[in-house]
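Undergrad: Compute the structure for the input listed below.
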Amino acid sequence: MVLALATPPLVLAPAYRPPPDAVAVAAQATPLRVDLDGQMSLLGVMAEPAELHPGAVAQVGIVWQALTRPAADYSVFVHLVDEEGVIVAQVDTMPGGGLLPTSQWQPGQRRSEFYRVFIPLTAYTPARGYWLVGLYEYGSGRRLPPVWVERPTSAEGMALIADGLAFGDVTITPLSDERPNPVNIEFLDNISLVGYRYSHRQLRPGDRFVVELYWQARGPIARNYTVFVHLLDEHERTFGGEDRPPVSPTREWQPGEIVTVRHTLTVAADAPPGLYQVEIGLYTPEDLRRLPLVEASGAEGADRLLFRHVRVVP
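TA: This is a model prediction of the structure:
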């Protein structure tokens, strides 16, 4: 009985208590005012550090204020966007981690929050980017349109684009100088992808697109595989690709050896403009069976990689 009576105030109440206001954000943020659909305001933004690398964690601070009692429970988006318009990393959440729904805010109520953004290990480097923040309706995806009310003294690098506030100058640097874009993605049969590089990240229909893949043998490899590289649009339609075995058959790779495989794709003449992903994997030519990944959290049995770093323009 004692435990049952103690559970609500000692266990349940703390779990549903919103995190405290991040007072450091208000002290360090660049003051400004951007009204969002006449319901909410952005009163300050900050981000650190300015130089990131794959695997790093960035911290973005925002000061919010309700202008009226908002009509809905809006979600926050914090996106790191590179110079090609590709979202490198993102956090989509709600104020207070969902414990402070905007529909319950009172006019004039303020809230300062930090958002931690993890930079994926597959992020393309080197690259430059900026932060894009704002609010949207979760069900429809509609973003609340922003309007400048008070610009900061130095508004350089700040702009209202894509129904959000863009700010900051972020540099994304490689983890090491050993090879381009070092990763460690393990397939079965002792094969790992340890790096990759593109000749271009902005393409036009008819362009040649070169993808270099750096493979490594973790141990003896039982079979010979064909490597495939495909250029897919957002609907996973193929608009270019190449399937071919490495120059040296995979069964001949020595443990620890790094083998470079260079693929040349031609972007299809009818490729529509938009963001594209590069599909990478291996298969046995006798039965076309793809080689699965050792671990693919949330996609068990996955047999390919998808890197989203390329844009096709008219």
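
Undergrad: quick one: residue 31 is in a strand?
TA: Yes. Assessed by DSSP: H, G, I helix; E, B strand; the rest coil, residue 31 belongs to a strand.

Undergrad: Who are the contact partners of it?
TA: Residue 31 makes contact with 43, 44, 150, 152 under the criterion Cβ atoms under 8 Å, 6 or more residues apart in numbering. Heads up, the C-betas are built off the backbone N, CA and C, glycines and all.

Undergrad: at 10 Å instead, please
TA: By Cβ atoms under 10 Å, 6 or more residues apart in numbering, the contact list for residue 31 reads 43, 44, 45, 63, 150, 152, 153.

Undergrad: pLDDT wise, what is the closest residue to residue 220 other than its chain neighbours at?
TA: Leaving out its chain neighbours, the residue that sits closest to residue 220 by Cβ to Cβ, 6 or more residues apart in numbering is residue 190, at 6.5 Å. Residue 190 is assigned a predicted lDDT (pLDDT) of 97.

Undergrad: what about residue 190, how many neighbours?
TA: Neighbourhood size, residue 190 [other Cβ atoms under 10 Å]: 17.

Undergrad: For it, give its distance to residue 87.
TA: For residue 190, the distance to residue 87 (Cβ to Cβ, to the nearest Å) stands at 33 Å.

Undergrad: Residue 182 too?
TA: Taking Cβ to Cβ, one finds residue 182 at 21 Å from residue 87.

Undergrad: And the pLDDT at the residue nearest to the spatial centre of the chain?
TA: Nearest residue to the geometric centre of the chain (Cα atoms, centre = their mean): residue 89, 2.7 Å. Residue 89 is assigned 94 on the pLDDT scale.

Undergrad: What residues does the spatially closest residue to it that is not a sequence neighbour make contact with?
TA: Spatially, and ignoring its direct neighbours in sequence, residue 89 is nearest to residue 80 (4.5 Å; Cβ to Cβ, 6+ apart). Neighbouring residues of residue 80 by Cβ under 10 Å, 6+ apart: 47, 52, 58, 60, 86-91, 117, 119, 123, 127, 129-132, 168, 170, 172.
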